[in-house]
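In: fold the following.
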Amino acid sequence: MLTVYPWQMNQWQHLQHVIKHDRLPHALLLTGADGIGLNDFAIHVVADLLCESRGDKESPCGACKGCHLRQAGNHPDLFLIGLEEKSKQISVEQVRDLIEFMTLKSHAGGYKIAVINPAEAMNRSAANTLLKTLEEPPPQSLLLLLSHRPALLPVTIRSRCQCLVFNGSKSTETIRWLAEQLGETVVDPVLLLSLTGGVPLQAKALIEDGGLECRKMVLADLQTLQRKQADPVKVAERWKEHGTAETLHWLTELIIDMVRLKLTGETSRLTNQDVTDHLQRLIKTLDLKQLVDSHDLAQNNWHQVSGPFNLNSLGLLEEMATHWLNLGIANGE
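Out: I've put the predicted structure just below:
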């Protein structure tokens, strides 16, 4: 049975209200951090609208023809667009296929729904092609655009969609949900939510995918690089094995905490509170400018890796490791 995550209930109740009063917009833009559950929420919306026996029930029946077709992945009134294999962009040809689908009559006599995920991956031509459908949508149609980085979408696209924003949550309900998911794991769910900015699925993945181990490795490598006891090339190769984007993410998060410590000396607002002692040792011989420069480099390299172009990820990691090594040298470590 489909259930909405506890941190998504406000958005779900709002949507149920507009559907009940026949005020569903023709285009919805769902935005929030990666790991907030945008795709899961979209599945709930799709299931709700394509269920043929929904009536006044609170959830899709799961037994009607519409539900069976959706569950099998071949509902004729549902069209999904995503990234094709080895591509970082959604092409204009994919959007043209979507537009053709939207012009056809509904097989079930209800909504025709198209989902674009991730919407920010549309190239300029694809986004421009979609505009006409957003401006003149067919009746009983719904476009669902999902985006973790909505600022990358053209303003012309964003302005023609009703936006549902999903913020991070550290509520009691969210903590309880995460604790249930973790089971016997001894890691504090509050710490995991702190490390992910209140993004529950990302917090869960830290345990399941070894994210905490990656953070531990990065922190240890920063310490050995600062003491000039590591080869930055070998460090970069190890980082790449664990994932370039994830490594740069942890570098950014750890260094911004070092900046906070250097500025205020306070530990209460740190994200990585469980490794405060390590951070304090790292900043002992560094000044604020060096830390800010390090943060800017890590963040810039992360943005490059996360962008639409295929870059030399190992080179970006080597740049970061060499930069940190040179900080140690500059301070006579």
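
In: C-alpha only now, for contacts and for neighbours.
Out: Noted.

In: burial of M9, as a residue count?
Out: The burial count assigned to M9 is 12, neighbours taken as other C-alpha atoms under 10 Å.

In: pull the distance from stretch 68-76 to the chain's centre.
Out: The chain centroid and the centroid of stretch 68-76 are separated by 26 Å under C-alpha atoms, centre = their mean, to the nearest Å.

In: give me the contact list for that stretch.
Out: Residues from elsewhere that reach stretch 68-76, judged by C-alpha atoms under 8 Å, 6 or more residues apart in numbering: A47, L50, G62, G66, L78, S106, H107.

In: list the buried ones in it?
Out: Buried positions in stretch 68-76, judged by neighbour count with 16 or more other C-alpha atoms under 10 Å: L69, R70, H75.

In: what does stretch 151-166 give?
Out: Counting neighbours by 16+ other C-alpha under 10 Å, stretch 151-166 gives L153, I157, R158, R160, C161, Q162, C163, L164, F166 as buried.

In: can you name every helix or strand that the helix or strand containing the second one contacts?
Out: The reference is to I157. Assigned by DSSP states H and E, I157 belongs to helix 155-158. For helix 155-158, the helices and strands in contact under the criterion 3 or more C-alpha pairs under 8 Å, 6 or more residues apart in numbering; DSSP states H and E are helix 124-135.

In: just checking, what packs against the helix it packs on?
Out: The helices and strands touching helix 124-135, judged by 3+ C-alpha pairs under 8 Å, 6+ apart, are helix 92-103, helix 155-158.

In: show me where the stretch 51-200 of the chain has its helices.
Out: Taking DSSP state H, counting those that start in this stretch to define them, one finds helices in the stretch 51-200 of the chain at 65-72, 92-103, 124-135, 155-158, 172-182, 189-195, 200-208.

In: save the ones you listed as CSV, and put in mean pLDDT and distance to V259 too.
Out: Formatted as CSV, the entries for these read as follows, by pLDDT from 0 to 100; distance: least, C-alpha to C-alpha, whole Å:
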stretch, mean pLDDT, distance to V259
helix 65-72, 93, 49
helix 92-103, 95, 43
helix 124-135, 94, 37
helix 155-158, 96, 34
helix 172-182, 95, 28
helix 189-195, 94, 16
helix 200-208, 94, 23
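
In: name the stretch among those helices that sits most buried.
Out: Each of the helices of the stretch 51-200 of the chain was assessed for mean neighbour count using mean count of other C-alpha atoms under 10 Å. The highest is helix 189-195, with a mean of 21.
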